[in-house]
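Undergrad: Predicted structure and sequence below. I'll ask about it afterward.
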Amino acid sequence: MNTYEFMTHSDEETKTLASRLARQLKPGDVITLEGDLGAGKTTFTKGLANGLNISRTVNSPTFTIVKEYDGDIPLYHMDVYRLEESEEDIGFDEYFHGDGVSVVEWPSFIHEFLPAERLDIQILYVSENERKIILKPANEHFDHVCKELLS
Ligand SMILES: Nc1ncnc2c1ncn2[C@@H]1O[C@H](COP(=O)(O)OP(=O)(O)OP(=O)(O)O)[C@@H](O)[C@H]1O
């Protein structure tokens, strides 16, 4: 599969990219987001929410594991960082095969629960206002979605 790279030069540009991406998503789509602290994972998710016409403000889901937002399609925003072993599987399958789009921050913590058919996104800090955003689609649907972002 192909890899797609984008450079953004402001948080607004990152949101616009994410918003354009969101408008092509469908129920059951799973996106993973990796990036260091302050890379822009929450900013990217805010952009996704804009694209799905979600009116509530999206904040970092830290301490809640999953936050659900209503939009054209529901958004399930997950932060699975340091998930306690006792609550390892909180029913991820129902989210991943549900009616909404799932966005998973820190996906390596629940690697065994992730579906193979997903869109992996990495956000790299380049300089104060620049980020490199790398998209790795795992199937034709996500590959098509990424190609559309190039145009
Ligand atoms: N091109 C850019 N894309 C995204 N964010 C940018 C960009 N340039 C500057 N920023 C700033 O970087 C910060 C990114 O913070 P954000 O909370 O989105 O990161 P995060 O990856 O979610 O971090 P954390 O894991 O700590 O929650 C924001 O203050 C944002 O304004």
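TA: Structure's in. What do you need? Residues are numbered from 1 along each chain as shown.
Undergrad: Quickly note the distance from the residue positioned nearest the centre of the chain to the ligand.
TA: Against the mean C-alpha coordinate of the chain, by C-alpha atoms, centre = their mean, the closest residue is Val103 at 3.8 Å. Per C-beta to the nearest ligand atom, to the nearest Å, Val103 is found 11 Å from the ligand. In this view, the C-beta of every residue, glycine as well, is placed from N, C-alpha and C.
Undergrad: Equivalent analysis for Arg118, please.
TA: For Arg118, the distance to the ligand - C-beta to the nearest ligand atom - is 19 Å.
Undergrad: Same check on Arg23?
TA: Arg23 is 19 Å from the ligand, by C-beta to the nearest ligand atom.
Undergrad: Confirm for me that that residue is in contact with Asn53.
TA: No. Counting by C-beta atoms under 8 Å, Arg23 stays clear of Asn53, with 9.3 Å between them.
Undergrad: and the nearest residue to Gly47 once chain neighbours are set aside, which of the three is it?
TA: Of all residues not flanking Gly47 in the chain, Ala18 sits nearest, at 2.9 Å (C-beta to C-beta, 6 or more residues apart in numbering). When classified by DSSP: H, G, I helix; E, B strand; the rest coil, Ala18 comes out as helix.
Undergrad: Next, count neighbours for Ala18.
TA: By other C-beta atoms under 10 Å, the residues close to Ala18 number 27.
Undergrad: Now for it: which residues touch it?
TA: Phe44, Thr45, Lys46, Gly47, Leu48, Asn50, Gly51 (C-beta atoms under 8 Å, 6 or more residues apart in numbering).
Undergrad: Could I have the PyMOL command that selects the buried members from the residues you listed?
TA: A single PyMOL command selects the buried members of the contacts of Ala18 (16 or more other C-beta atoms under 10 Å):
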select buried, resi 44+45+46+47+48+50+51
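Undergrad: Please list the residues of this protein that sit near the ligand.
TA: Contact residues, the chain versus the ligand (C-beta under 6 Å from any ligand atom): 8-11, 13-14, 35, 37-43, 60, 129-131.
Undergrad: Now intersect those residues with the helices, please.
TA: Asp11, Glu13, Thr14, Lys41, Thr42, Thr43 (DSSP state H).
Undergrad: Thanks a lot, see you next time.
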